[in-house]
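Novice: structure of the sequence below:
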Amino acid sequence: MRIRDLTSEDYDGLVALWEASELPYRPHGRDQRDRIGRELEGDGAVFLAAEEDRVLIGAVLGTHDGRKGWINRLAVLPEHRGRGIGTALVGAVEARLLERGIEIVTCLIEGWNVESMAFFERIGFIAHPEIVYYSKRHSPDT
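Specialist: The predicted model follows:
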């Protein structure tokens, strides 16, 4: 397995990975090809791919706002889980963020995704049930 930067050429494989992992995505909103491409070009994105034999088997979308890092989306193909790929991807994002001076890395996990909650707890993330998340969306697709 090799971890590398995601590129805009990975978009179709990334969508296929999300679908195989049963992760919801917003193809008419924030997950559009051009929006992902713009994020890749910006300095706040740490989008990484795990590949084997040139096949995308995992990916993580990390970002930062200059103060705090975020794991926005982590996916590993179901048949490749349990091999440390997700742990390696998160570790790589954390290392890249730390190089940029970002010492706090966070993630938001929807309540239905208990598998992800268990994963992040296993790798040292701490749940903060006293935090309530609010968002304001300009459209349901964003």
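
Novice: now Arg83: which helix or strand?
Specialist: Remark: Arg83 resides in no helix or strand, with elements defined by DSSP states H and E.

Novice: if I look at the closest residue in space to it that isn't next to it in sequence, how far off is Leu14?
Specialist: Closest residue in space to Arg83, ignoring its immediate chain neighbours: Met1 at 7.8 Å, by C-beta to C-beta, 6 or more residues apart in numbering. Glycine gets a C-beta too; all of them are placed from N, C-alpha and C. Distance, Met1 to Leu14, using C-beta to C-beta, to the nearest Å: 17 Å.

Novice: contacts only, for the residue nearest to Arg83.
Specialist: Listed by C-beta atoms under 8 Å, 6 or more residues apart in numbering, the contact set of Met1 reads Ala50, Glu51, Glu52, Ile57, Arg83, Ile85, Ala88.

Novice: residues near the third one, how many?
Specialist: Around Glu52 there are 14 other residues, counting by other C-beta atoms under 10 Å.

Novice: who's in contact with it?
Specialist: Here Glu52 is in contact with Met1, Arg2, His80 (C-beta under 8 Å, 6+ apart).

Novice: just the ones of the residues you listed in strands?
Specialist: Judged by DSSP state E, the contacts of Glu52 include Arg2 as members of strands.

Novice: with pLDDT added, can I get the contacts of Glu52 in JSON lines?
Specialist: Below are the contacts of Glu52 laid out as JSON lines (pLDDT from 0 to 100):
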{"residue": "Met1", "pLDDT": "94"}
{"residue": "Arg2", "pLDDT": "97"}
{"residue": "His80", "pLDDT": "96"}
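
Novice: and the contacts of Glu52 as a markdown table, adding distance to Arg38?
Specialist: Shown next, in a markdown table, are the contacts of Glu52 (distance: C-beta to C-beta, whole Å):
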| residue | distance to Arg38 |
| --- | --- |
| Met1 | 28 |
| Arg2 | 25 |
| His80 | 29 |
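
Novice: in what helix or strand does the closest residue to Leu108 other than its chain neighbours lie?
Specialist: Residue nearest to Leu108 in three dimensions, not counting chain neighbours: Tyr133, with 6.1 Å by C-beta to C-beta, 6+ apart. Under the criterion DSSP H and E, no helix or strand holds Tyr133.
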